[in-house]
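# Structure for the following, please:
(2 chains)
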Amino acid sequence: MSCDEIVPRLDERVDGSLSREEDAALGIHLAGCPACRDEERRLRELIAAARALPPAIPPGRDLWPGIEARLAADARVASIRRGKRALSGLPGWLAAAAILIAAAGLSLYMLRLGGEGGQSAIGGATSVAARGGVPNDLREMTAEFRGARREMRSALDEHRDTLSPATVATVEENLRIIDAAVGQIEAALARDPGNQELRQMLAATRHQETAMLRQVARAAVRH
Amino acid sequence: MASHAGAVREGWTVSALPAGGHDEQEERLLAGARAGDRSAFEGIYRLHAGRIYAICQRLTGSATEAEDLTQETFLRAWQRLPEPEPDRRLGAWLRRVAVNLACDGFRARRSRGTPELFDDRIEARAVRQAGRAAQPRGDLDEAILGLPDGARTAFVLFDVYGYRHEEIAALTGMAVGTSKAQVHRARRLLRRALEP
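Numbers count the residues shown, from 1 in each chain, chains lettered A, B, ... in the order given. Model (predicted):
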(Lines give C-alpha, C1' and ligand atoms only; values in the text may rest on other atoms or scores of the structure.)
Protein backbone atom coordinates (compact mmCIF):
# COMPACT_ATOMS: atom_id res chain seq x y z
CA MET A 1 0.00 0.00 0.00
CA SER A 2 1.25 3.50 -0.81
CA CYS A 3 1.26 6.45 1.55
CA ASP A 4 -1.57 8.03 -0.47
CA GLU A 5 -3.68 4.98 0.25
CA ILE A 6 -2.69 4.77 3.90
CA VAL A 7 -3.31 8.33 5.10
CA PRO A 8 -7.07 8.40 4.37
CA ARG A 9 -7.46 5.13 6.33
CA LEU A 10 -5.68 6.38 9.46
CA ASP A 11 -8.88 7.91 10.85
CA GLU A 12 -10.59 4.54 10.64
CA ARG A 13 -7.56 2.88 12.21
CA VAL A 14 -7.49 5.19 15.23
CA ASP A 15 -11.29 4.87 15.58
CA GLY A 16 -10.95 1.09 15.61
CA SER A 17 -13.31 0.62 12.71
CA LEU A 18 -10.97 -1.30 10.36
CA SER A 19 -11.19 -5.04 10.01
CA ARG A 20 -8.37 -7.04 11.59
CA GLU A 21 -6.87 -7.74 8.15
CA GLU A 22 -7.00 -4.11 7.05
CA ASP A 23 -5.50 -2.98 10.32
CA ALA A 24 -2.67 -5.48 9.98
CA ALA A 25 -1.93 -4.29 6.44
CA LEU A 26 -1.74 -0.68 7.61
CA GLY A 27 0.47 -1.75 10.49
CA ILE A 28 2.98 -3.31 8.12
CA HIS A 29 3.18 -0.09 6.11
CA LEU A 30 3.48 2.08 9.21
CA ALA A 31 6.31 -0.05 10.58
CA GLY A 32 8.44 0.91 7.61
CA CYS A 33 7.22 4.48 6.94
CA PRO A 34 8.23 7.25 9.40
CA ALA A 35 6.10 9.85 7.57
CA CYS A 36 2.88 7.86 7.96
CA ARG A 37 3.78 6.98 11.55
CA ASP A 38 4.17 10.68 12.24
CA GLU A 39 0.81 11.31 10.57
CA GLU A 40 -0.84 8.72 12.83
CA ARG A 41 0.88 10.12 15.94
CA ARG A 42 -0.37 13.62 15.21
CA LEU A 43 -3.87 12.32 14.61
CA ARG A 44 -3.90 10.46 17.92
CA GLU A 45 -2.56 13.55 19.70
CA LEU A 46 -5.37 15.66 18.29
CA ILE A 47 -8.02 13.18 19.44
CA ALA A 48 -6.43 12.94 22.88
CA ALA A 49 -6.40 16.74 23.11
CA ALA A 50 -10.09 16.87 22.12
CA ARG A 51 -11.01 14.40 24.86
CA ALA A 52 -8.95 16.36 27.38
CA LEU A 53 -10.63 19.69 26.69
CA PRO A 54 -11.92 21.33 29.87
CA PRO A 55 -15.41 20.03 30.65
CA ALA A 56 -16.59 23.48 31.71
CA ILE A 57 -16.24 26.96 30.23
CA PRO A 58 -17.68 29.78 32.31
CA PRO A 59 -20.11 31.92 30.30
CA GLY A 60 -18.93 35.44 29.64
CA ARG A 61 -21.72 36.81 31.84
CA ASP A 62 -24.04 35.49 34.52
CA LEU A 63 -27.00 33.93 32.71
CA TRP A 64 -29.04 33.24 35.84
CA PRO A 65 -30.85 36.64 36.02
CA GLY A 66 -32.27 36.04 32.53
CA ILE A 67 -33.33 32.51 33.41
CA GLU A 68 -34.89 33.65 36.68
CA ALA A 69 -36.84 36.41 34.95
CA ARG A 70 -38.23 33.93 32.42
CA LEU A 71 -39.16 31.48 35.17
CA ALA A 72 -40.98 34.19 37.10
CA ALA A 73 -42.85 35.40 34.01
CA ASP A 74 -43.79 31.82 33.07
CA ALA A 75 -45.04 31.20 36.61
CA ARG A 76 -47.27 34.23 36.41
CA VAL A 77 -48.67 33.21 33.05
CA ALA A 78 -49.31 29.73 34.43
CA SER A 79 -51.01 31.26 37.46
CA ILE A 80 -53.33 33.25 35.23
CA ARG A 81 -54.11 30.14 33.19
CA ARG A 82 -54.84 28.14 36.34
CA GLY A 83 -56.98 30.99 37.57
CA LYS A 84 -58.98 31.05 34.36
CA ARG A 85 -59.64 27.31 34.65
CA ALA A 86 -60.62 27.64 38.32
CA LEU A 87 -62.88 30.56 37.52
CA SER A 88 -64.87 28.82 34.85
CA GLY A 89 -67.71 28.11 37.29
CA LEU A 90 -67.74 31.45 39.06
CA PRO A 91 -70.25 34.25 38.70
CA GLY A 92 -69.23 36.41 35.77
CA TRP A 93 -68.31 39.48 37.78
CA LEU A 94 -65.95 37.55 40.02
CA ALA A 95 -64.24 35.76 37.15
CA ALA A 96 -63.69 39.02 35.29
CA ALA A 97 -62.31 40.74 38.37
CA ALA A 98 -59.96 37.93 39.27
CA ILE A 99 -58.53 37.60 35.74
CA LEU A 100 -58.10 41.36 35.57
CA ILE A 101 -56.24 41.46 38.85
CA ALA A 102 -53.97 38.56 37.89
CA ALA A 103 -53.19 40.26 34.60
CA ALA A 104 -52.45 43.46 36.51
CA GLY A 105 -49.86 41.60 38.54
CA LEU A 106 -48.21 40.28 35.39
CA SER A 107 -48.21 43.64 33.64
CA LEU A 108 -46.67 45.28 36.69
CA TYR A 109 -44.03 42.61 36.82
CA MET A 110 -43.21 43.18 33.17
CA LEU A 111 -43.02 46.91 33.84
CA ARG A 112 -40.58 46.25 36.65
CA LEU A 113 -38.46 44.17 34.27
CA GLY A 114 -38.65 47.00 31.75
CA GLY A 115 -37.38 49.43 34.35
CA GLU A 116 -34.37 47.16 34.79
CA GLY A 117 -33.62 46.89 31.10
CA GLY A 118 -36.32 44.74 29.48
CA GLN A 119 -36.82 46.40 26.12
CA SER A 120 -39.90 44.52 24.97
CA ALA A 121 -41.75 45.11 28.21
CA ILE A 122 -41.20 48.83 27.99
CA GLY A 123 -42.17 48.93 24.34
CA GLY A 124 -45.46 47.20 24.97
CA ALA A 125 -46.45 49.42 27.85
CA THR A 126 -45.42 52.67 26.17
CA SER A 127 -48.21 52.32 23.67
CA VAL A 128 -50.68 51.98 26.53
CA ALA A 129 -49.37 55.17 28.08
CA ALA A 130 -49.49 56.97 24.77
CA ARG A 131 -53.14 56.09 24.24
CA GLY A 132 -54.44 57.11 27.66
CA GLY A 133 -54.71 60.41 29.45
CA VAL A 134 -52.59 59.45 32.43
CA PRO A 135 -52.33 60.82 35.94
CA ASN A 136 -48.77 61.72 36.84
CA ASP A 137 -48.80 61.19 40.58
CA LEU A 138 -48.13 57.50 41.18
CA ARG A 139 -48.68 57.69 44.90
CA GLU A 140 -52.14 59.05 44.29
CA MET A 141 -52.70 56.26 41.80
CA THR A 142 -51.56 53.68 44.35
CA ALA A 143 -54.09 55.02 46.80
CA GLU A 144 -56.72 54.84 44.08
CA PHE A 145 -55.81 51.23 43.44
CA ARG A 146 -56.07 50.43 47.12
CA GLY A 147 -59.50 52.02 47.13
CA ALA A 148 -60.59 49.70 44.35
CA ARG A 149 -59.30 46.80 46.37
CA ARG A 150 -61.42 47.87 49.34
CA GLU A 151 -64.49 48.12 47.12
CA MET A 152 -63.97 44.62 45.83
CA ARG A 153 -63.42 43.36 49.37
CA SER A 154 -66.74 44.91 50.43
CA ALA A 155 -68.54 43.33 47.49
CA LEU A 156 -67.04 39.98 48.36
CA ASP A 157 -68.00 40.23 52.01
CA GLU A 158 -71.52 41.16 51.04
CA HIS A 159 -71.87 38.12 48.76
CA ARG A 160 -69.79 35.75 50.85
CA ASP A 161 -72.74 33.68 52.14
CA THR A 162 -73.94 32.96 48.63
CA LEU A 163 -70.51 31.86 47.33
CA SER A 164 -68.81 28.49 47.53
CA PRO A 165 -65.61 28.15 49.61
CA ALA A 166 -63.65 27.59 46.37
CA THR A 167 -64.95 30.88 44.97
CA VAL A 168 -64.06 32.79 48.11
CA ALA A 169 -60.57 31.22 48.11
CA THR A 170 -60.00 32.25 44.49
CA VAL A 171 -60.97 35.83 45.15
CA GLU A 172 -58.88 35.93 48.32
CA GLU A 173 -55.87 34.70 46.34
CA ASN A 174 -56.32 37.46 43.80
CA LEU A 175 -56.64 40.05 46.53
CA ARG A 176 -53.25 38.89 47.74
CA ILE A 177 -51.95 39.47 44.22
CA ILE A 178 -53.18 43.06 44.45
CA ASP A 179 -51.30 43.49 47.71
CA ALA A 180 -48.14 42.24 46.03
CA ALA A 181 -48.75 44.57 43.07
CA VAL A 182 -49.09 47.60 45.32
CA GLY A 183 -45.89 46.59 47.09
CA GLN A 184 -44.10 46.40 43.75
CA ILE A 185 -45.29 49.88 42.78
CA GLU A 186 -43.92 51.29 45.98
CA ALA A 187 -40.64 49.41 45.50
CA ALA A 188 -40.35 50.70 41.93
CA LEU A 189 -40.94 54.25 43.16
CA ALA A 190 -38.34 53.85 45.86
CA ARG A 191 -35.75 52.55 43.39
CA ASP A 192 -36.24 55.13 40.69
CA PRO A 193 -38.62 57.92 41.68
CA GLY A 194 -37.45 60.22 38.88
CA ASN A 195 -38.12 57.85 35.97
CA GLN A 196 -40.92 59.70 34.16
CA GLU A 197 -41.45 57.05 31.52
CA LEU A 198 -41.86 54.37 34.15
CA ARG A 199 -44.17 56.59 36.21
CA GLN A 200 -46.39 57.29 33.21
CA MET A 201 -46.54 53.68 32.15
CA LEU A 202 -47.44 52.52 35.62
CA ALA A 203 -49.97 55.27 36.03
CA ALA A 204 -51.66 54.54 32.70
CA THR A 205 -51.89 50.85 33.41
CA ARG A 206 -53.18 51.29 36.93
CA HIS A 207 -55.65 53.99 35.92
CA GLN A 208 -57.27 51.63 33.44
CA GLU A 209 -57.24 48.75 35.89
CA THR A 210 -58.76 50.65 38.78
CA ALA A 211 -61.50 52.08 36.58
CA MET A 212 -62.43 48.60 35.42
CA LEU A 213 -62.22 47.17 38.93
CA ARG A 214 -64.68 49.76 40.17
CA GLN A 215 -67.11 48.79 37.42
CA VAL A 216 -66.80 45.14 38.41
CA ALA A 217 -67.39 45.94 42.08
CA ARG A 218 -70.45 48.04 41.25
CA ALA A 219 -71.81 45.22 39.10
CA ALA A 220 -71.31 42.88 42.03
CA VAL A 221 -73.41 45.03 44.28
CA ARG A 222 -76.20 44.97 41.70
CA HIS A 223 -75.89 41.18 41.26
CA MET B 1 -13.93 5.02 23.26
CA ALA B 2 -16.44 2.67 24.82
CA SER B 3 -16.19 4.11 28.32
CA HIS B 4 -16.04 7.63 26.95
CA ALA B 5 -19.20 7.09 24.96
CA GLY B 6 -20.80 5.27 27.85
CA ALA B 7 -20.55 8.36 30.01
CA VAL B 8 -22.74 10.22 27.56
CA ARG B 9 -25.42 7.60 27.73
CA GLU B 10 -25.57 7.55 31.52
CA GLY B 11 -28.99 8.07 32.97
CA TRP B 12 -30.18 10.47 35.62
CA THR B 13 -31.36 9.47 39.04
CA VAL B 14 -30.79 11.06 42.39
CA SER B 15 -30.49 7.74 44.16
CA ALA B 16 -27.85 6.60 41.66
CA LEU B 17 -25.57 9.50 42.44
CA PRO B 18 -22.47 8.31 44.26
CA ALA B 19 -22.00 9.44 47.85
CA GLY B 20 -20.05 12.62 48.41
CA GLY B 21 -20.45 16.26 49.40
CA HIS B 22 -21.06 17.54 45.89
CA ASP B 23 -23.65 14.88 45.10
CA GLU B 24 -25.41 15.29 48.43
CA GLN B 25 -25.59 19.01 47.74
CA GLU B 26 -26.97 18.33 44.29
CA GLU B 27 -29.51 15.93 45.71
CA ARG B 28 -30.74 18.56 48.16
CA LEU B 29 -30.92 21.17 45.44
CA LEU B 30 -32.79 18.83 43.14
CA ALA B 31 -35.33 17.99 45.83
CA GLY B 32 -35.84 21.69 46.50
CA ALA B 33 -36.17 22.55 42.83
CA ARG B 34 -38.67 19.77 42.31
CA ALA B 35 -40.72 21.31 45.10
CA GLY B 36 -40.72 24.61 43.19
CA ASP B 37 -37.87 26.36 45.01
CA ARG B 38 -36.22 28.62 42.44
CA SER B 39 -33.23 29.35 44.67
CA ALA B 40 -32.53 25.61 44.77
CA PHE B 41 -32.77 25.55 41.00
CA GLU B 42 -30.29 28.42 40.88
CA GLY B 43 -27.94 26.15 42.83
CA ILE B 44 -28.32 23.51 40.12
CA TYR B 45 -27.60 26.16 37.52
CA ARG B 46 -24.44 27.22 39.38
CA LEU B 47 -23.25 23.62 39.51
CA HIS B 48 -23.81 22.82 35.84
CA ALA B 49 -23.82 26.09 33.88
CA GLY B 50 -20.15 25.88 32.88
CA ARG B 51 -20.44 22.37 31.46
CA ILE B 52 -23.65 23.18 29.60
CA TYR B 53 -22.24 26.42 28.23
CA ALA B 54 -19.09 24.59 27.10
CA ILE B 55 -20.95 22.07 24.97
CA CYS B 56 -23.28 24.75 23.62
CA GLN B 57 -20.38 26.95 22.57
CA ARG B 58 -18.48 24.08 20.98
CA LEU B 59 -21.55 22.93 19.06
CA THR B 60 -22.71 26.33 17.85
CA GLY B 61 -19.34 28.05 17.44
CA SER B 62 -20.88 31.22 18.86
CA ALA B 63 -20.77 32.70 22.36
CA THR B 64 -24.08 34.47 21.82
CA GLU B 65 -25.87 31.35 20.62
CA ALA B 66 -24.29 29.39 23.45
CA GLU B 67 -25.68 31.83 26.00
CA ASP B 68 -29.16 31.55 24.50
CA LEU B 69 -28.96 27.76 24.38
CA THR B 70 -27.69 27.53 27.95
CA GLN B 71 -30.60 29.60 29.18
CA GLU B 72 -33.04 27.56 27.12
CA THR B 73 -31.56 24.34 28.48
CA PHE B 74 -32.20 25.36 32.07
CA LEU B 75 -35.68 26.65 31.25
CA ARG B 76 -36.52 23.27 29.70
CA ALA B 77 -34.98 21.55 32.70
CA TRP B 78 -37.15 23.52 35.10
CA GLN B 79 -40.25 22.57 33.15
CA ARG B 80 -39.35 18.88 33.29
CA LEU B 81 -37.96 18.63 36.82
CA PRO B 82 -41.25 17.50 38.32
CA GLU B 83 -41.12 14.45 36.07
CA PRO B 84 -37.60 13.06 36.39
CA GLU B 85 -36.80 10.10 34.25
CA PRO B 86 -35.60 7.08 36.21
CA ASP B 87 -31.97 5.99 36.05
CA ARG B 88 -30.67 9.24 34.66
CA ARG B 89 -28.00 11.44 36.18
CA LEU B 90 -28.73 15.12 36.34
CA GLY B 91 -25.54 16.33 34.62
CA ALA B 92 -25.87 13.87 31.75
CA TRP B 93 -29.57 14.62 31.46
CA LEU B 94 -28.94 18.37 31.28
CA ARG B 95 -26.27 17.78 28.65
CA ARG B 96 -28.67 15.73 26.59
CA VAL B 97 -31.22 18.55 26.71
CA ALA B 98 -28.53 21.00 25.56
CA VAL B 99 -27.31 18.71 22.77
CA ASN B 100 -30.85 18.15 21.54
CA LEU B 101 -31.48 21.89 21.43
CA ALA B 102 -28.19 22.57 19.65
CA CYS B 103 -28.86 19.82 17.11
CA ASP B 104 -32.38 21.15 16.53
CA GLY B 105 -30.69 24.39 15.50
CA PHE B 106 -28.21 22.54 13.31
CA ARG B 107 -31.01 20.68 11.51
CA ALA B 108 -32.89 23.93 10.98
CA ARG B 109 -29.81 25.59 9.47
CA ARG B 110 -29.23 22.59 7.22
CA SER B 111 -32.80 22.59 5.98
CA ARG B 112 -32.55 26.28 5.10
CA GLY B 113 -29.11 26.17 3.52
CA THR B 114 -27.44 24.36 0.68
CA PRO B 115 -25.52 21.10 1.24
CA GLU B 116 -21.91 21.60 2.30
CA LEU B 117 -19.43 20.91 -0.47
CA PHE B 118 -15.85 19.90 0.23
CA ASP B 119 -13.53 21.15 -2.47
CA ASP B 120 -9.94 22.32 -2.12
CA ARG B 121 -10.85 26.00 -2.11
CA ILE B 122 -13.51 25.58 0.59
CA GLU B 123 -11.18 23.43 2.64
CA ALA B 124 -8.36 25.97 2.41
CA ARG B 125 -10.72 28.71 3.53
CA ALA B 126 -11.91 26.55 6.44
CA VAL B 127 -8.31 25.93 7.51
CA ARG B 128 -7.60 29.67 7.44
CA GLN B 129 -10.75 30.38 9.44
CA ALA B 130 -9.98 27.74 12.08
CA GLY B 131 -6.36 28.88 12.18
CA ARG B 132 -7.34 32.50 12.74
CA ALA B 133 -9.77 31.46 15.47
CA ALA B 134 -7.02 29.49 17.21
CA GLN B 135 -4.51 32.36 17.22
CA PRO B 136 -2.51 33.51 19.03
CA ARG B 137 -2.34 30.55 21.43
CA GLY B 138 -2.88 27.67 19.01
CA ASP B 139 -5.88 26.82 21.16
CA LEU B 140 -7.86 23.74 20.09
CA ASP B 141 -11.13 25.01 21.57
CA GLU B 142 -10.80 28.23 19.59
CA ALA B 143 -9.93 26.36 16.41
CA ILE B 144 -13.05 24.20 16.81
CA LEU B 145 -15.18 27.36 16.85
CA GLY B 146 -13.78 28.27 13.43
CA LEU B 147 -14.73 24.96 11.77
CA PRO B 148 -17.56 24.73 9.25
CA ASP B 149 -20.89 23.90 10.88
CA GLY B 150 -21.15 20.22 9.92
CA ALA B 151 -17.53 19.40 10.66
CA ARG B 152 -17.66 21.16 14.01
CA THR B 153 -20.89 19.46 15.07
CA ALA B 154 -19.72 15.96 14.17
CA PHE B 155 -16.24 16.45 15.65
CA VAL B 156 -17.51 17.87 18.93
CA LEU B 157 -20.07 15.13 19.40
CA PHE B 158 -17.74 12.28 18.33
CA ASP B 159 -14.27 13.25 19.48
CA VAL B 160 -14.98 15.58 22.40
CA TYR B 161 -18.13 14.06 23.91
CA GLY B 162 -17.92 10.47 22.71
CA TYR B 163 -21.19 10.09 20.82
CA ARG B 164 -21.36 7.25 18.27
CA HIS B 165 -21.88 8.05 14.61
CA GLU B 166 -25.32 6.42 14.75
CA GLU B 167 -26.29 8.75 17.61
CA ILE B 168 -24.93 11.78 15.75
CA ALA B 169 -26.93 10.78 12.69
CA ALA B 170 -30.11 10.52 14.74
CA LEU B 171 -29.50 13.87 16.45
CA THR B 172 -28.44 15.91 13.44
CA GLY B 173 -30.20 14.30 10.51
CA MET B 174 -26.84 13.52 8.82
CA ALA B 175 -26.30 10.11 7.32
CA VAL B 176 -23.91 7.91 9.32
CA GLY B 177 -21.39 8.07 6.48
CA THR B 178 -21.63 11.86 6.43
CA SER B 179 -20.96 11.98 10.15
CA LYS B 180 -17.79 9.93 9.66
CA ALA B 181 -16.69 12.06 6.72
CA GLN B 182 -17.28 15.26 8.70
CA VAL B 183 -15.26 13.99 11.68
CA HIS B 184 -12.35 13.06 9.40
CA ARG B 185 -12.62 16.40 7.67
CA ALA B 186 -12.64 18.29 10.97
CA ARG B 187 -9.53 16.42 12.16
CA ARG B 188 -7.75 17.24 8.92
CA LEU B 189 -8.73 20.92 9.09
CA LEU B 190 -7.79 21.22 12.74
CA ARG B 191 -4.39 19.63 12.29
CA ARG B 192 -3.61 21.99 9.45
CA ALA B 193 -5.00 24.97 11.34
CA LEU B 194 -2.96 24.20 14.44
CA GLU B 195 0.29 23.54 12.61
CA PRO B 196 3.02 25.85 13.93
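
# Please list the residues of chain B that sit near chain A.
Residues of chain B lying close to chain A (C-beta under 8 Å from any C-beta of the partner chain) are B:1, B:4, B:38, B:41-42, B:45-46, B:49-51, B:53-54, B:57-58, B:63, B:66-67, B:70-71, B:74-75, B:78, B:140-141, B:155, B:159-160, B:162, B:180, B:183-184, B:187, B:190-191, B:194. For every residue, glycine as well, the C-beta is placed using N, CA and C.

# ok, how many other residues are close to the closest residue to chain B within chain A?
Chain B sits closest to A:A56 of chain A, with a gap of 3.1 Å, by C-beta to the nearest C-beta. Neighbours of A:A56 under the rule other C-beta atoms under 10 Å in any protein chain shown: 12.

# okay, it: pLDDT?
Per-residue confidence at A:A56 stands at 95 (pLDDT).

# Which of the three states applies to it?
coil (DSSP: H, G, I helix; E, B strand; the rest coil).

# which residues touch the closest residue to it other than its chain neighbours?
Closest residue to A:A56 apart from its sequence neighbours, by C-beta to C-beta, 6 or more residues apart in numbering or on different chains: B:G50 at 3.1 Å. Neighbour list for B:G50: A:P55, A:A56, A:I57, A:P58, A:P59 [criterion: C-beta atoms under 8 Å, 6 or more residues apart in numbering or on different chains].

# What of B:L29?
For B:L29, counting by C-beta under 8 Å, 6+ apart, the contacting residues are B:A40, B:F41, B:G43, B:I44, B:L47.

# ditto for B:L171
Applying C-beta under 8 Å, 6+ apart to B:L171 gives the contacts B:V99, B:N100, B:C103, B:L157, B:Y163.

# which residues in chain B form helices?
B:2-8, B:21-34, B:38-60, B:63-80, B:90-112, B:120-134, B:140-145, B:149-155, B:165-172, B:176-193 (DSSP state H).

# ranking those by burial, who's on top?
Greatest average neighbour count among the helices of chain B goes to helix B:149-155 (a mean of 25), per mean count of other C-beta atoms under 10 Å in any protein chain shown.

# what does that one contact?
So helix B:149-155 is contacted by A:50, B:58-59, B:61, B:102-103, B:106, B:109-110, B:116, B:126, B:144-145, B:147, B:168, B:172, B:174, B:178-179, B:182-183, B:185-187, B:189-190 (C-beta under 8 Å, 6+ apart).

# what about A:G60, neighbour count?
12.

# give me phi/psi at it?
When read as degrees, to the nearest 10, the backbone of A:G60 gives phi -70, psi -20.

# Setting aside sequence neighbours, what's the nearest residue to it?
Per C-beta to C-beta, 6+ apart, closest to A:G60 is B:A63, 6.0 Å.

# and chain B, what are its domains?
B:1-113, B:115-196 (automatic domain parsing).

# do chain A as well
Split by automatic domain parsing, chain A gives A:3-51, A:64-222.

# ok, the residue in chain B that chain A sits nearest to to A:P55 distance?
When scored by C-beta to the nearest C-beta, chain B has B:G50 as its residue closest to chain A, at 3.1 Å. Between B:G50 and A:P55 the distance, using C-beta to C-beta, to the nearest Å, works out to 8 Å.

# from memory the residue of chain A closest to chain B sits against B:R51, does it?
Yes. With contacts counted by C-beta atoms under 8 Å, A:A56 reaches B:R51, the gap being 4.7 Å.

# Find the centremost residue of chain B, please.
B:I55 (3.3 Å; C-alpha atoms, centre = their mean).

# ok, now which ones touch that residue?
Here B:I55 is in contact with B:R95, B:A98, B:V99, B:A102, B:V156, B:Y161 (C-beta under 8 Å, 6+ apart).

# Pipe those residues into a markdown table and attach pLDDT per row.
Converted to a markdown table, the contacts of B:I55 look like this (pLDDT from 0 to 100):
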| residue | pLDDT |
| --- | --- |
| B:R95 | 92 |
| B:A98 | 95 |
| B:V99 | 95 |
| B:A102 | 93 |
| B:V156 | 97 |
| B:Y161 | 95 |
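
# Tell me where the model's unsure across the chain.
No chain in the question, so chain A it is. Scanning chain A with the threshold set as pLDDT under 70 gives A:76-153, A:155-156, A:159-190, A:192-223.

# nope, chain B please
In chain B, residues with pLDDT under 70: B:1-23, B:82-88, B:113-123, B:131, B:133-138.
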